[in-house]
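Novice: the sequence isn't on hand, but the structure is:
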C-alpha cells in the first residue's frame with residue numbers, strides 16, 4: 001500500500017476524502033466540491049476541493065462511476081485520466097453528459113473514482129523492422145467484430 005498525501009483546499013474543507021465504498025472496491029470514490037448542471041452534450045472540469053502528492057513511480061487513474069454512466073449517461077471524458085506524480089494542483093474531474101436530460105451535480109455527490117497504479121518506465125528503441133506476428137498490421141476490427 002502506498003501513502004498519498006492529500007491537501008484540502010478551502011472550498012473542500014468539509015468534504016470526505018477519497019475512500020472505497022466497500023472493503024474490496026478497487027476505486028476510491030471522490031465527490032464534487034461545487035454545484036453545477038451539465039447540459040446534454042456538455043462537459044466541465046468539476047473541482048474536488050483537494051490536491052494530492054503522489055509518490056514517484058506511481059500515477060492515480062481517474063475512472064468513471066458505472067452507476068452514473070448506466071443510469072444517466074454521465075462519464076469521464078478522458079478515461080482513464082492520469083494524475084501524474086509531479087502534479088500539485090487541484091484534482092478536477094472532466095465529466096460529460098451523454099444523456100438526453102440536464103444532469104445536476106450537487107456539492108458532495110460522488111462523481112468518479114481514483115485508482116493508484118504503479119508506472120512502468122519505458123523507452124522507445126528505433127529499429128528498421130519489427131518481428132512478425134499472426135495479426136501483423138491488421139488494425140481496428142481485424143480480429144473480428146464479435
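Specialist: All right, it came through fine. Just so we're clear, the structure is a prediction, and the values are computed from it rather than from any experiment. Numbers count the residues shown, from 1 in each chain.
Novice: so residue 26 versus residue 3, what's the distance?
Specialist: Residue 26 sits at a distance of 18 Å from residue 3 (criterion: C-beta to C-beta, to the nearest Å). Every residue, glycine included, has its C-beta placed from N, CA and C.
Novice: can you check residue 46 too?
Specialist: Residue 46 is 25 Å from residue 3, by C-beta to C-beta.
Novice: what residue lies at the spatial centre of this structure?
Specialist: Central residue of the chain (C-alpha atoms, centre = their mean): residue 62, 1.4 Å from the mean position.
Novice: counting by contacts, list what the host helix or strand of residue 70 packs against.
Specialist: Residue 70 belongs to helix 66-72 when assigned by DSSP states H and E. With contacts defined as 3 or more C-beta pairs under 8 Å, 6 or more residues apart in numbering; DSSP states H and E, the packing partners of helix 66-72 are strand 74-76.
Novice: so what touches the next helix or strand after the strand it packs on?
Specialist: Counting by DSSP H and E, the element after strand 74-76 in chain order, helix or strand, is strand 81-83. Strand 81-83 has contacts (C-beta atoms under 8 Å, 6 or more residues apart in numbering) with 52, 54, 59-63, 91, 93-94, 114.
Novice: just how off-centre is the longest strand belonging to the chain within its chain?
Specialist: Looking across the chain with DSSP state E, the single longest strand is strand 43-53. Its chain's C-alpha centre and that of strand 43-53 lie 11 Å apart, by C-alpha atoms, centre = their mean, to the nearest Å.
Novice: name the residues of it that are buried.
Specialist: 43-44, 46-52 (16 or more other C-beta atoms under 10 Å).
Novice: so what are the sheet partners of it and their directions?
Specialist: Using DSSP bridges, the strands paired with strand 43-53 in its sheet are strand 5-8 (antiparallel), strand 90-97 (antiparallel).
Novice: what is the rounded mean pLDDT of the longest one?
Specialist: When you say that, I think you mean strand 90-97. The average pLDDT for strand 90-97 rounds to 98.
Novice: ok, then the element right after that strand?
Specialist: strand 103-105.
Novice: show me which residues of that next one are buried.
Specialist: Neighbour counts over strand 103-105 (16+ other C-beta under 10 Å) mark 103, 105 as buried.
Novice: what pLDDT, on average, does it get?
Specialist: 98.
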